[in-house]
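Engineer: please work out how this folds:
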Amino acid sequence: MKNQKGKVYLVGAGPGDCNLMTVRSHQLLSQAEVLIYDALIDIPQLELIPATCRKIEVGKRGGKPSTQQQEINRLLVEHCKLGKQVVRLKSGDPFIFGRSSSEIQALITAGCEFEVIPGISSALSAPLLAGIPLTDPVMSRCFAVMSAHEPDALEWEALVQIETLVILMGGRNLSEIVWQLQKHGRSPETPIAIIRDCGRPEQQIWLGTLSNIVQQTAGQSLSPCVMVIGEVVRLREYLIQPESTNMIDTPVTTNNSQLPLAGKTILVTRSVSQSAEFSDRLQQQGARVIEMPALVIGPPSTWEPLDSAIAQLSSFHWLILTSHNAVDCFFQRLQAKGKDARSLFGIKIAVVGKKTADSLRSHSLQPDFIPPNFIADSLVENFPDKLPNCKILFPRVESGGREVLVKEFTAQGAQVIEVPAYQSCCPETIDPIALSALQNQAVNIITFASSKTVQNFCHLLEKSPQLSGSQDWLESVCIASIGPETSKSCQNLLGKLDVEAKEYTLDGLTEAIVGWVAEDQNV
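Structural biologist: Take a look at the predicted model:
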């Protein structure tokens, strides 16, 4: 995707879970210059999307103002002609109720190059994720998929003859669908499943029959949903995990309503390259996660100091690495200079934190020392070697920030060589999805894993007119910190702190948030 000629990729995003996208889709997203996407809450936050990629949401939402198809066509053509590599991210599969024909015709007319990448349609994934097979040797030898956006346009007399029906875009027309099916001969006892938000932490399923499903779902917002109608729905009872078994006529939230963070929206402020692992932890506990990168990691303004240190590695006694970024950037530069881990023979390595230790182990090296409490400033107090005449290499972020550590090492006779290994910058703008969530006060918890993310978060707020005024909205938001230094920044810059991890790791922060939510719900 480095050629100068523009190209549009119409990519199927699947049901909404990034893990259910194709390898090809992930590859294209990692190289996109412009992302034009549907109303998919999770997809634009993929860590693969470059920070420099321009993101434009054009999602169509039933009953709400939506971007006109003509405008979407214009955007695709415009950015392609500017020589950009454009990813048009579409829900499900581009050719299943995706309006791709109009977009492709516009691209052909304009002479734009394009490619279509398949995705998993919710028509297939929603029943599967709910434990409902669409075919069965006895109960369902075929199935039909349809949109019920305009139920009057469907041939109900023919459809009732098909054993299994899969209906998309029918949430607002459930009563009409049920009436038409029974009117044309389907039994009132025909099983039906309604699956909302398939593949997401908030996935919810209603199970019933044509005679009671309308009453069961009264007052509920069903969109976006997939309906499955037919005897195969009964098979779910035998195909789901035993602990997930539910009464056949009871609305259920599969596995997620019982999770400790169910119903909570959490804003993660880690850098784009580091947010996925933490987000996964929170989602596994039932949270809805919105990523708002408050850090952009890049190369230092010059490699000269680090290159000089690498050329003299044998003169050092210790290498200190205080972050995952420091490990990755140091070893990337080591490789760039034609060296590898063997160059560290005879040098001891100290790391701060489990994550940093894991990063080091990924390079087939074990740390010689990890300080207690996972705090960099405790390195000196617990250092296992004599410090006088000890020469220490300390690759770090270019902006510094470990003055106490360096000062204490130096005071005890060590020679500390600080070299910039990477830059940690503030993004130019707030991610539009995060901005919308903050504006609408839809965020319950904001997490911070470093003082720098707190500082950049506040800077981004100041640059955003929608949020730079009164910060009354912060009063109802839980501020969660990974450790003491980050907590100080939260208190100083945000004026509050609600949660601090006891163990200064992402696991510790997750555990602390779960504990806070449990305590808050019991108050």
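Engineer: quick one: low-confidence parts of the chain?
Structural biologist: 1-4, 40-48, 60-65, 201, 241-258, 272-276, 373-378, 401, 468-471, 522-523 (pLDDT under 70).
Engineer: residue 182 and residue 212, how far apart?
Structural biologist: Relative to residue 212, residue 182 is positioned 12 Å away (Cβ to Cβ, to the nearest Å). Heads up, the C-betas are built off the backbone N, CA and C, glycines and all.
Engineer: for the stretch 1-150 of the chain, what spans make up the strands?
Structural biologist: 7-12, 34-37, 54-57, 85-90, 113-117, 143-147 (DSSP state E, counting those that start in this stretch).
Engineer: so what's the gap between the following helix or strand past the last one and the chain middle?
Structural biologist: Counting by DSSP states H and E, the element after strand 143-147 in chain order, helix or strand, is helix 156-159. Relative to the mean C-alpha coordinate of its chain, helix 156-159 is positioned 41 Å out (Cα atoms, centre = their mean, to the nearest Å).
Engineer: helix or strand right after helix 156-159?
Structural biologist: strand 164-168.
Engineer: please export the C-alpha coordinates of the helix ranked longest in the chain as PDB.
Structural biologist: Scanning the chain for the longest helix, with DSSP state H as the assignment, gives helix 506-522. In PDB, the C-alpha atoms belonging to helix 506-522 read as follows (Å, rounded to 0.1, in the frame of the first residue of the first chain):
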ATOM      1  CA  LEU A 506      -2.300  -4.000  34.500                       C
ATOM      2  CA  ASP A 507      -3.600  -7.100  36.300                       C
ATOM      3  CA  GLY A 508      -3.400  -5.100  39.600                       C
ATOM      4  CA  LEU A 509      -5.300  -2.200  38.000                       C
ATOM      5  CA  THR A 510      -8.000  -4.500  36.600                       C
ATOM      6  CA  GLU A 511      -8.400  -6.100  40.000                       C
ATOM      7  CA  ALA A 512      -8.700  -2.700  41.700                       C
ATOM      8  CA  ILE A 513     -11.300  -1.600  39.300                       C
ATOM      9  CA  VAL A 514     -13.300  -4.800  39.800                       C
ATOM     10  CA  GLY A 515     -13.100  -4.300  43.600                       C
ATOM     11  CA  TRP A 516     -14.200  -0.600  43.300                       C
ATOM     12  CA  VAL A 517     -17.200  -1.500  41.200                       C
ATOM     13  CA  ALA A 518     -18.300  -4.300  43.600                       C
ATOM     14  CA  GLU A 519     -18.000  -2.000  46.600                       C
ATOM     15  CA  ASP A 520     -19.900   0.800  44.700                       C
ATOM     16  CA  GLN A 521     -22.700  -1.500  43.900                       C
ATOM     17  CA  ASN A 522     -23.000  -2.700  47.500                       C
END
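Engineer: next, the buried residues of it.
Structural biologist: Using 16 or more other Cβ atoms under 10 Å as the test for burial, helix 506-522 gives 506, 508-514, 516-517.
Engineer: ok, stretch 314-334 next?
Structural biologist: Within stretch 314-334, judged by 16+ other Cβ under 10 Å, the buried ones are 316-331, 333-334.
Engineer: equivalent analysis for stretch 145-158, please.
Structural biologist: So stretch 145-158, judged by 16+ other Cβ under 10 Å, has buried residues 145-146, 148, 151, 154, 156.
Engineer: now it: how far from the chain's centre is it?
Structural biologist: That offset, for stretch 145-158, works out to 35 Å (Cα atoms, centre = their mean).
Engineer: next: stretch 313-328.
Structural biologist: With Cα atoms, centre = their mean, you get 30 Å for stretch 313-328.
Engineer: measure that stretch end to end?
Structural biologist: 17 Å (Cα to Cα, to the nearest Å).
Engineer: same check, this time on stretch 491-503
Structural biologist: 19 Å.
Engineer: residues in contact with it: which ones?
Structural biologist: 374, 445, 454-455, 458, 474-475, 478-484, 487, 490, 508-509, 511-513, 515-516 (Cβ atoms under 8 Å, 6 or more residues apart in numbering).
Engineer: coming back round to it: which one, of the strands of the stretch 1-150 of the chain, ends up nearest to residue 406?
Structural biologist: Distance to residue 406, taken as Cβ to Cβ, is lowest for strand 54-57 among those, at 39.4 Å.
Engineer: so which elements touch that closest one?
Structural biologist: Here strand 54-57 touches strand 34-37, helix 432-439, going by 3 or more Cβ pairs under 8 Å, 6 or more residues apart in numbering; DSSP states H and E.
Engineer: change it to 6 Å
Structural biologist: Applying 3 or more Cβ pairs under 6 Å, 6 or more residues apart in numbering; DSSP states H and E, we find strand 54-57 packed against strand 34-37.
Engineer: tell me the gap between the strand it packs on and the middle of its chain.
Structural biologist: 16 Å.
Engineer: and for stretch 152-163?
Structural biologist: Using Cα atoms, centre = their mean, the offset of stretch 152-163 from its chain centre is 39 Å.
Engineer: span of it from start to end?
Structural biologist: First-to-last residue span, stretch 152-163, Cα to Cα: 21 Å.
Engineer: what sits up against the longest helix of the chain?
Structural biologist: Here helix 506-522 makes contact (Cβ atoms under 6 Å, 6 or more residues apart in numbering) with 260, 278, 281, 285, 480, 482, 499, 501-502.
Engineer: please redo it, this time with the cut-off set to 7 Å
Structural biologist: Contact with helix 506-522 is made by 260-261, 264, 277-278, 281-282, 285, 355, 445, 447, 478, 480, 482, 498-502, as judged by Cβ atoms under 7 Å, 6 or more residues apart in numbering.
Engineer: please narrow those to those residing in strands.
Structural biologist: 445, 447, 478, 480, 499-500 (DSSP state E).
Engineer: by neighbours, which of those residues wins?
Structural biologist: Most neighbours among the ones in strands among the contacts of helix 506-522, by other Cβ atoms under 10 Å: residue 447, with 29 neighbours.
Engineer: quick one: that residue and residue 480 touch, right?
Structural biologist: Yes. The pair residue 447 / residue 480 is scored as a contact, 4.8 Å apart, by Cβ atoms under 7 Å.
Engineer: can I get the buried residues of stretch 145-158 in TSV including distance to residue 416?
Structural biologist: What follows is these, written out as TSV (distance: Cβ to Cβ, whole Å):
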residue	distance to residue 416
145	65
146	69
148	68
151	73
154	74
156	78
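Engineer: on that earlier part again, between the ones in strands among the contacts of helix 506-522, which is closest to residue 402?
Structural biologist: residue 500 (20.4 Å).
Engineer: so that closest one versus residue 200, what's the distance?
Structural biologist: 29 Å.
Engineer: ok, back up a step: deepest of the strands of the stretch 1-150 of the chain, which one?
Structural biologist: strand 85-90 (a mean of 27; mean count of other Cβ atoms under 10 Å).
Engineer: for that one, list the C-alpha coordinates in CSV.
Structural biologist: These are the backbone C-alpha positions of strand 85-90, laid out as CSV (Å, rounded to 0.1, in the frame of the first residue of the first chain):
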residue,chain,number,x,y,z
GLN,A,85,-5.1,4.1,0.5
VAL,A,86,-8.7,4.1,1.7
VAL,A,87,-10.3,1.4,3.9
ARG,A,88,-14.1,1.4,3.7
LEU,A,89,-14.9,-0.7,6.8
LYS,A,90,-18.4,-2.2,6.5
